[in-house]
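Q: Give the three-dimensional model of this entry:
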Amino acid sequence: MKITCPECQKDNEFIINDETKCQHCDKSLDGYTFIKPLIPAFLLIALTIGGSQAYEHFTDENRYPAKIEYALIEQCITSDNNTMRWSTIKKKRDACISALEETQDDFSYSDFKEDQRKFINKFHQHAVANIF
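A: Take a look at the predicted model:
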């Protein structure tokens, strides 16, 4: 085992027993606790956890549940309650989808849950800009 002496800071290689001494300064190493370096393992664990949380934040959190996305787009398309041609519906649907994507860039799903009124106002602004 390789151990750094706490007194003289030099490395020692030997088998540890009750009467082990530093090879350089001859001080007893009895009573000290030595831990093998675990920094690479801790670093790997920390990066894994941090990476998974970042991935979750940038993928899942910004993705709204399908029910909510569908309801927002459906409400946007049928908001004026008029009968429309299929070509008009398709254009309006595309404009509503674009408005939702733009609004989702501004509001994560957690922001949406916090303040739905603010989200709806921003979504309405994007929808009006895209439709006209």
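Q: how about the helices in this protein?
A: 39-59, 66-77, 86-106, 109-114, 116-131 (DSSP state H).
Q: For the second one, which outside residues touch it?
A: Contacts made with helix 66-77 from outside it, assessed by C-beta atoms under 8 Å, 6 or more residues apart in numbering, are listed as 64, 89, 92, 93, 96, 97, 99, 100, 112, 123, 127. Just so you know, the C-beta spots here come from the backbone N, C-alpha and C atoms, and that holds for glycine as well.
Q: So how do I select the buried members of those in ChimeraX?
A: Here is the ChimeraX selection string for the buried members of these, based on 16 or more other C-beta atoms under 10 Å:
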select :64,92,96,97,99,100,112,123,127
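Q: how about the contacts of helix 66-77, which pair is most distant?
A: Greatest spatial distance in the contacts of helix 66-77: 89 and 112, 25.6 Å, computed using C-beta to C-beta.
Q: which secondary element of this structure has the worst mean pLDDT?
A: Lowest mean confidence among the helices and strands of the chain (mean pLDDT, DSSP states H and E): strand 2-4, at a mean of 70.
Q: Output the contacts of helix 66-77 in CSV, with pLDDT and distance to residue 5 appended to each entry.
A: Below are the contacts of helix 66-77 laid out as CSV (pLDDT from 0 to 100; distance: C-beta to C-beta, whole Å):
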residue, pLDDT, distance to residue 5
64, 83, 59
89, 85, 80
92, 89, 77
93, 90, 74
96, 92, 71
97, 92, 68
99, 92, 68
100, 92, 65
112, 87, 59
123, 91, 66
127, 88, 71
